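# Structure for this input, please:
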Amino acid sequence: MAAPLPAAGVVDGFWGAVGNTPLIRLRRASDATGCEILGKAEFMNPGGSVKDRAALGILRAAMASGALVPGQPGTVVEGTAGNTGIGIALAANAMGWRSVIVVPETQAKEKLDYLRMIGADLRLVAPKPFADPGNYVHVSRRLAEELGAVWANQFDNLANAQAHEETTGPEIWAQTGGRIDAFTCACGTGGTLAGVARALKARNPGVRIVLADPGGSALASWVRTGTLKAEGNSITEGIGQAARAPGNLAQARELIDDALTVTDAEALHQVFDLQMQEGISVGGSAGLNVAAAIRVARDLGPGHRVVTILCDGAARYQSKLFNPAFLRDRGLPVPPWME
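The predicted structure follows:
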């Protein structure tokens, strides 16, 4: 007897649960600008972040090439600030594969603990610039070669951006009914911005695409001048690049209309206000994205619609974003209810 078809709204496991996240109207940001500012709730993915989409895109490409086969032994290695590793580890678990995740030891303790909890083979390395062979990306590549494993290579594997072109971008277009004036988000690999930009520009070339950048990153300079020039620093994790434009971002350069830099203080203000005034608990990169969306909306003027990405939840950064001692040491605002 044939198995019954799934009921409407039922998905198949982790892989089926990624995507189709809601757009949330951000009341305060919208009211302050006279625009409609919408955040795509990527923290509602099963792995807790937008990086679940990249993980599936990369693993699907590996399956299509025959490098990985569901239910058969296989190993995936990735260098990550944490969230892509979480997505890859959970997606690999669902297919019977092993995951080896290389992470700089300075990343938030909560993400490291989570990776251990879900069975990833976690390898911590000292933080090194990209030019150093000890950089976590290079370590992950060598480790994949040594193990004869699949190297996910989220920064330059174009399956990352393709996943967003095929899912995130079309979802935003459908959810807004095609009424969207601008899209902005920060870049780590550039996959989200590049993929969404391609999807939206294909449907309406007039949609404005703006890269949001933290301090210490050179991507805003790269977009505006063509040169990589980094100034300052940031406590945000997984976004910004000081030394290069990753492949996923570089191949979409002509689609990016502008870039802006957001300070940690601006990002934290949005994180704290969203949590206490709207009940939306997000991490630092989402706070940066919302701050950028507000600035883009003000530039456009009232009556426009701006969409951004709520990348992940605040719980992964408790030891940093909600640690008064950590924030005071860096001259950053402390959540008023924690004073």
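# switch to C-alpha atoms for all contacts and neighbour counts from now on
Noted.
# quick one: low-confidence ranges for the protein?
1-8 (pLDDT under 70).
# Okay, strands next: where are they in it?
Under the criterion DSSP state E, strands of the chain are mapped to 23-25, 36-41, 75-79, 98-104, 121-125, 150-151, 182-186, 208-214, 258-262, 305-310.
# Go ahead and name everything in contact with the third one.
Spelled out, that is strand 75-79. The list of residues contacting strand 75-79 from outside it, by CA atoms under 8 Å, 6 or more residues apart in numbering, reads 85, 88, 92, 97-103, 136-141, 143-144, 149-154.
# Which parts of the stretch 101-250 of the chain are helices?
In the stretch 101-250 of the chain, the helices defined using DSSP state H, counting those that start in this stretch lie at 109-117, 136-147, 159-163, 169-175, 191-203, 219-225, 247-250.
# Check which helices and strands the first one sits against.
Identification of packing neighbours for helix 109-117 by 3 or more CA pairs under 8 Å, 6 or more residues apart in numbering; DSSP states H and E yields helix 83-95, strand 121-125, helix 318-321.
# Give me the distance between the second one and the centre of its chain.
For strand 121-125, the gap between its own C-alpha mean and the chain's C-alpha mean amounts to 20 Å (CA atoms, centre = their mean, to the nearest Å).
# ditto for the shortest one
Taking CA atoms, centre = their mean, one finds the center of helix 318-321 at 18 Å from the center of the full chain.
# give me every residue that touches A194.
Counted by CA under 8 Å, 6+ apart, A194 has contacts 161, 164-165, 248-249, 251-252, 255.
# Export the residues you listed to CSV and append columns for neighbour count.
Putting the contacts of A194 into CSV (neighbours: other CA atoms under 10 Å) gives the following:
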residue, neighbour count
A161, 33
H164, 26
E165, 22
N248, 26
L249, 26
Q251, 15
A252, 17
L255, 19
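# re the thing from before, point out the most buried one among the helices of the stretch 101-250 of the chain.
Mean neighbour count, computed with mean count of other CA atoms under 10 Å, is highest for helix 159-163 among the helices of the stretch 101-250 of the chain, reaching a mean of 27.
# which helices and strands does it pack with?
When contacts are defined as 3+ CA pairs under 8 Å, 6+ apart, helix 159-163 sits against helix 51-64, helix 191-203.
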